[in-house]
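>>> heads up, no residue letters with this:
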C-alpha cells in the first residue's frame with residue numbers, strides 16, 4: 001500500500017510531560033507544548049451521516065495522514081492552513097496506523113479531528 005500524496009504543511013505541538021508522565025501547565029492552568037515540529041501531510045475532510053429516529057445528523061471530520069517519522073503523542077495539537085487560507089488549530093482525537101499485511105511495517109499514520117473545513 002503506497003503512501004498518499006502529502007502536499008500540505010502542518011505543525012505538530014506535542015504536550016510537555018513531567019517526570020511522572022502528567023501534562024505540564026503554566027501559572028494559568030493552560031497546557032504547555034513543545035516546540036513546533038513541521039511536517040508534510042495530507043489533509044482530507046469528510047462528512048459522516050448518522051441516522052436516528054430524530055433525523056439525520058451530519059458529523060464533519062478532518063483526517064490528516066502524516067509520515068511515520070513525525071512524532072505525535074496523545075494530547076498533541078496540530079495547526080495547518082486550509083485551502084481557503086484559514087489557519088486551523090485542533091487537538092488530536094485519535095491516531096490510527098496503516099500497516100502492511102504482516103503488521104511489521106507502518107506506512108503512515110492517520111490523525112482524526114472533529115473539525116469542519118471552514
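Good, I have the coordinates. In this text, all values refer to a predicted model and were calculated from it rather than measured experimentally.

>>> I'd like the distance from the residue lying farthest from the centre of the chain to residue 44, if you could.
Residue farthest from the centre of the chain, counting by Cα atoms, centre = their mean, is residue 53 at 31.7 Å. Distance, residue 53 to residue 44, using Cβ to Cβ, to the nearest Å: 31 Å. In this view, the C-beta of every residue, glycine as well, is placed from N, C-alpha and C.

>>> And residue 96, by the same measure?
On the measure of Cβ to Cβ, residue 96 and residue 44 end up 13 Å apart.

>>> same deal with residue 3?
13 Å.

>>> cool, and residue 31?
27 Å.

>>> Check residue 30 too.
On the measure of Cβ to Cβ, residue 30 and residue 44 end up 30 Å apart.

>>> more crowded one of the two?
residue 44 (14 against 8; other Cβ atoms under 10 Å).

>>> Does that one lie in a helix or a strand, and which?
Here residue 44, judged by DSSP states H and E, is contained in strand 37-52.

>>> List the contacts of that strand.
Identification of contacts with strand 37-52 by Cβ atoms under 8 Å, 6 or more residues apart in numbering yields 4-14, 56-67, 69-71, 80, 82, 116-117.

>>> just to revisit the earlier point, what sits against the residue farthest from the centre of the chain?
No residues are in contact with residue 53 under the rule Cβ under 8 Å, 6+ apart.

>>> So residue 83, which state does it fall into?
When classified by DSSP: H, G, I helix; E, B strand; the rest coil, residue 83 comes out as coil.

>>> Next, it: phi, psi?
Note on residue 83: backbone dihedrals following degrees, to the nearest 10 are phi -70, psi -10.

>>> Residue 88 reaches residue 79, doesn't it?
Yes: counting by Cβ atoms under 8 Å, residue 79 is a contact partner of residue 88 at 6.7 Å.
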